[in-house]
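J.: Kindly generate the corresponding structure for this input.
(2 chains)
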Amino acid sequence: MSAPEHSTEHETDLDPMNGHENPGLGYHRPRRSDVDDKADKKAERQVAALFGLSALGTVVAIWAYFSLNDIDPGDVDSIRQVNMWIGIGTFLAMIGIGLGAIHWAKTLMRDHEMTEDRHELRSSDEAREGAIQNLKDGVEDSGLGGAKRRSVLKGSLITALAIAPLGILVPQIGNMGGDWNVSKFRHTLWGPGVRLARDPDGAPIRAADVTIGSVFHVIPEGLNDLDHHHLISEKAKAVVLLVRLDPADLKIQEGREDWSFDGIVAYSKICTHVGCPVALYEQQTHHLLCPCHQSTFDVADGAKVVFGPAKRPLPQLPIAVDDDGYIVAQADFDEPIGPSYWDRLKGGDATVEEESH
Amino acid sequence: MHSIARRRHHRAAPLLLVLALLALITGIAAIAAPTPATATTEASAEDVADGERLFAANCASCHGLDAQGQDGVAPSLVGVGAAAVDFQVGTGRMPMQASGPQAPAKPVQFSDEQIAQLAAWVASLGAGPAIPTAEQVDPELGDAANGMLVFRTNCAMCHGSIGGGGALTQGKFAPSLLETTPTHIYEAMLTGPQSMPVFNDANVTPEQKRDVIAYLDFQSNGSPGGLSLGAIGPVSEGMWAWIVLLGLIIASTIWVGARSS
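T.: Numbers count the residues shown, from 1 in each chain, chains lettered A, B, ... in the order given. All right, here's what the predicted structure looks like:
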């Protein structure tokens, strides 16, 4: 029993405050292994078995390393086998020791209750005064205050503390890149006469090839000629989904009468919620589902949001057909693609509907 | 159907090539032919007649005796082609057992011969996609790496990155492709069954379709990452981590803290 000495003096004045009587210690129930010699032996065997399991695991891991290790570098399965058996062996080796030690302590080691009474959290008055005096002495000795002031030291310390974080912050901010021109989000590779091409091979698409119920995953023609870095960032903005509906099903949006061609419509594939590629197209309902947060857009009705957290319809790419029968863009998107960001509506061509959102 | 799929083990591809060449030379291969050869059997007038009888007995209650469909009940089958029939009936999706969000695959209700007869009759109603030849769907002839590119762009968003399937809206789902036969995969791309869009030959070329089949066939080599948990992504993985693994951790914590009996 390790009860602090002063606890008794508190007990008398604490208990009436709580309004409870001290219930004392609970009944000490002896463990089976304390009273039954058989149970004691059984627990001992269990602990030994757990340590034995650990030793077995070590053997398994070493066995796997030596006898399964003739792996064929091209065969992922064989690598997996080695790793799996080494992993299982090491797991057993560790868990066996851990469980064995706990079981040993719980069943066989001395079993007795210990109590420690609460004491007041507040330090004694002497200790509190001493701490304050230490602080005062520190200020006096350092010269930051008191009789002898060392203003040069004080100034240089504050300067050092103030600029110390820059060593971390400057590289962090510098790595964000020097390009803060968010108006780039407004523009994609699409423009008048740019042909719609198949992703990923870049073959241009004929209007006649887009049969009803078809869905094409589209990139602008020429995208694949860019170097890798530009290709990725331009592709991320320009990807488009091209769908042909029965013209009877298609509700043409006001002001967009000439943006589709004979039931063929093209919409940005970048979700207006947080920018995932929206590409799960259900042919029968004409619904386009975003896999990230289940925003659902109705392709037959201007890609309006019918479900989920997205707030705006997908931007539509105005398309036409050129003299050779290929589908081309009439212009770039008339609004920034993807999720909202600051300055999104700057530039004067935001529609009234968008501003009301 | 299975006879065609089995054919690739017979190494029938060279024979089929010769047959196809002969067909070209003799000018038989007419593009507008309603039922281009299904590689093994030319649909005879008898097949068409048998198919019509089967259709009247098993399909007409929804699709109508003339297969024109009924609004809100069943679509018209004029022009859907033999490929659509072979897919829908050959995977057991049709005849549909009960109306629901979508018709799931179930045990096939007809023999291969009956399916061929049904396909012959529906194909005779109007030109549509034909059943692919064994060579067109042979995974051995496809390029699995290119198939992965095509699959990733066109299929993976619904069917998952290795074709394990995934959820859609309102009870619909994209089924797993891991047990689907190459011919049925090809036919599904060609005809766009149910919610699935059509991937015609101008969109995903016949070679690319075969590459996709090769990519999916490659998945039968097993999952290099160990337990695939159905390969349906974060749902099954999350269930495993949160319920099974976290449950084990909680159980062992309780055991550590519990007093020995």
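
J.: what comes into contact with stretch B:232-245?
T.: B:G160, B:G164, B:G165, B:G166, B:A167, B:L229, B:G230 (Cβ atoms under 8 Å, 6 or more residues apart in numbering or on different chains). Placement of C-beta: from N, CA and C, glycine included.

J.: Ends of it, what's the gap?
T.: Using Cα to Cα, to the nearest Å, one end of stretch B:232-245 lies 18 Å from the other.

J.: Any part of stretch A:45-62 near chain B?
T.: No. Using Cβ under 8 Å from any Cβ of the partner chain, stretch A:45-62 never reaches chain B; the gap is at least 11.0 Å.

J.: Report the buried residues of that stretch.
T.: Residues of stretch A:45-62 classed as buried: A:Q46, A:V47, A:L50, A:F51, A:L53, A:S54, A:G57, A:T58, A:V60, A:A61 (neighbour count, 16 or more other Cβ atoms under 10 Å in any protein chain shown).

J.: Could you export the residues you listed as JSON lines, including pLDDT and secondary structure?
T.: Formatted as JSON lines, these follow (pLDDT from 0 to 100; DSSP: H, G, I helix; E, B strand; the rest coil):
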{"residue": "A:Q46", "pLDDT": "96", "secondary structure": "helix"}
{"residue": "A:V47", "pLDDT": "96", "secondary structure": "helix"}
{"residue": "A:L50", "pLDDT": "97", "secondary structure": "helix"}
{"residue": "A:F51", "pLDDT": "98", "secondary structure": "helix"}
{"residue": "A:L53", "pLDDT": "97", "secondary structure": "helix"}
{"residue": "A:S54", "pLDDT": "97", "secondary structure": "helix"}
{"residue": "A:G57", "pLDDT": "97", "secondary structure": "helix"}
{"residue": "A:T58", "pLDDT": "97", "secondary structure": "helix"}
{"residue": "A:V60", "pLDDT": "96", "secondary structure": "helix"}
{"residue": "A:A61", "pLDDT": "95", "secondary structure": "helix"}
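
J.: Excluding covalently adjacent residues, which one is nearest to B:P132?
T.: The shortest distance from B:P132 to any residue other than its chain neighbours is 4.6 Å, reached at B:Y186 (Cβ to Cβ, 6 or more residues apart in numbering or on different chains).

J.: Surely the one you found is in a strand?
T.: No. Looking at B:Y186 with DSSP: H, G, I helix; E, B strand; the rest coil, it is helix, so not inside a strand.

J.: any idea where the strands of the stretch 201-350 of chain A begin and end?
T.: A:215-220, A:240-244, A:264-268, A:280-282, A:287-289, A:296-298, A:304-307, A:319-321, A:327-329 (DSSP state E, counting those that start in this stretch).

J.: Please produce JSON lines containing the ones you listed, extended by mean neighbour count.
T.: Shown next, in JSON lines, are the strands of the stretch 201-350 of chain A (neighbours: other Cβ atoms under 10 Å in any protein chain shown):
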{"stretch": "strand A:215-220", "mean neighbour count": "24"}
{"stretch": "strand A:240-244", "mean neighbour count": "25"}
{"stretch": "strand A:264-268", "mean neighbour count": "24"}
{"stretch": "strand A:280-282", "mean neighbour count": "23"}
{"stretch": "strand A:287-289", "mean neighbour count": "23"}
{"stretch": "strand A:296-298", "mean neighbour count": "22"}
{"stretch": "strand A:304-307", "mean neighbour count": "16"}
{"stretch": "strand A:319-321", "mean neighbour count": "18"}
{"stretch": "strand A:327-329", "mean neighbour count": "25"}
